[in-house]
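Participant: Kindly generate the corresponding structure for this input.
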Amino acid sequence: MKKPLLYLIVLLINSILHSQVGLNTTSPGSTLTVNGSIAGQYKISSVSVTLGINDFYMAFNGSTAGTFTLPAAVAAAPAQGNILGRVYFIKNTGSAQLTIATSGTELIDNQSGAGVASFKLNPGGYTMIISKGTTSGTTWELSTFIDKTTATIAALGAIDQIMYTGTSLTDFNNSIPQVIPFSASNLIVNQGGSATWNDAGDYWQILESGVYKIDAYAYFGSGGALSGSYEWTGINLNISKNGTALSNIIGGNRANIMNVIAQIANTPINTSCIVHLNAGDKVYLSMNWGFGNKPTTDVHITRPTSLIESRNFSLQQLSVP
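Facilitator: Below is the predicted model of the structure:
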């Protein structure tokens, strides 16, 4: 005898409510079994955003630092409206650092000590975060965290001659630091992704805050007789941050060079420093007159015939905050 349609509907509903549900299978082995592919929301953002109910997989492709803010928990489980179990997958596909931050005073359980209000995701990093269903304290759990492990080492070396004449020479002799240029083709190595060379501005662009060791050298020579009553000239090689003015110098060294040597030879000047830099900082290499006699015809950076490089500018990331 055929069962009434209403009876079959009730039977189906009861099966769904009290047993396993299968998609593309008649024998589900779990509460929900999907025999096939699963699709989730995929979004890309280059700017800071607050994640919402329609977000699932988020990719950050920004070239400047940004923040993804997790949504606030509005109710604790098991109350209706809680976000217990909500999952966000986040990957940094850009060239700048991404901050993952909570809302208000909520914290993230990062499995290491007390909860944190935020953490950094470097270029190439990936994370999975899940809501714990609470409204205070550690409301989110850092389930997966795969971040950049290669420290940044970046270096530029060049062989061509640099010449300062005319206005550049006048400014040089007035102790106005003159930028020492490089080009992207001079790049020897750049691994790790926390700094990149800006070709147009002739500076290292810092993408990730941290402590850096910066090293540089350049060969100095002068054309023509030097002016002044001294028998030597003092030349400064400077490492500066966010500009080349004397007030921006973070590391430097002076070489006191005999007049006759300055005119007929190329003398190396070396400098280095260890300094904390913030994401967004720009780091320049420059040179200027410091004391003693002054060049009269030109200042040039030229390699000796026995060497390959005339100048070098490198940095190494020591730690991240």
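
Participant: and the residue nearest the centre of the chain, what is it in contact with?
Facilitator: Nearest to the mean C-alpha position of the chain, by Cα atoms, centre = their mean, lies residue 207 at 2.5 Å. Contacts for residue 207 (Cβ atoms under 8 Å, 6 or more residues apart in numbering) come out as 65, 95-97, 123, 193-196, 279. Every C-beta, even on glycine, is put in place using the N, C-alpha and C of the backbone.

Participant: out of those, who's nearest residue 286?
Facilitator: residue 195 (18.0 Å; Cβ to Cβ).

Participant: Quick check: the gap between the closest one and residue 87.
Facilitator: 33 Å (Cβ to Cβ, to the nearest Å).

Participant: just to revisit the earlier point, can you put the contacts of residue 207 in JSON lines and add distance to residue 59 and secondary structure?
Facilitator: JSON lines is the format used below for the contacts of residue 207 (distance: Cβ to Cβ, whole Å; DSSP: H, G, I helix; E, B strand; the rest coil):
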{"residue": "65", "distance to residue 59": "16", "secondary structure": "coil"}
{"residue": "95", "distance to residue 59": "13", "secondary structure": "coil"}
{"residue": "96", "distance to residue 59": "13", "secondary structure": "coil"}
{"residue": "97", "distance to residue 59": "15", "secondary structure": "coil"}
{"residue": "123", "distance to residue 59": "12", "secondary structure": "coil"}
{"residue": "193", "distance to residue 59": "16", "secondary structure": "coil"}
{"residue": "194", "distance to residue 59": "19", "secondary structure": "coil"}
{"residue": "195", "distance to residue 59": "22", "secondary structure": "strand"}
{"residue": "196", "distance to residue 59": "20", "secondary structure": "strand"}
{"residue": "279", "distance to residue 59": "19", "secondary structure": "coil"}
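
Participant: Looking at those, which is nearest residue 311?
Facilitator: Using Cβ to Cβ, the contacts of residue 207 come closest to residue 311 at residue 195, 18.0 Å.

Participant: give me the number of residues near that closest one?
Facilitator: For residue 195, the count of nearby residues is 23 (other Cβ atoms under 10 Å).

Participant: which residues touch it?
Facilitator: For residue 195, the contact set (Cβ under 8 Å, 6+ apart) comprises 152, 154, 204-208, 212, 315, 317.

Participant: Ok, residue 296 next?
Facilitator: Counting by Cβ under 8 Å, 6+ apart, residue 296 touches 222-227.

Participant: Likewise for residue 28?
Facilitator: By Cβ under 8 Å, 6+ apart, the contact list for residue 28 reads 20-22.

Participant: likewise residue 278?
Facilitator: Applying Cβ under 8 Å, 6+ apart, the residues near residue 278 are 206, 209.

Participant: quick one: it from residue 206, how far?
Facilitator: With Cβ to Cβ as the criterion, residue 278 and residue 206 are 7 Å apart.

Participant: Mind pulling the model confidence for residue 285?
Facilitator: Here, the pLDDT recorded for residue 285 equals 98.

Participant: which residues in the stretch 201-321 of the chain form strands?
Facilitator: 203-206, 210-223, 232-241, 249-258, 267-277, 282-292, 298-301, 311-319 (DSSP state E, counting those that start in this stretch).

Participant: Just give me the closest of the contacts of residue 195 to residue 49.
Facilitator: Among the contacts of residue 195, and counting by Cβ to Cβ, the member closest to residue 49 is residue 207, at 19.4 Å.
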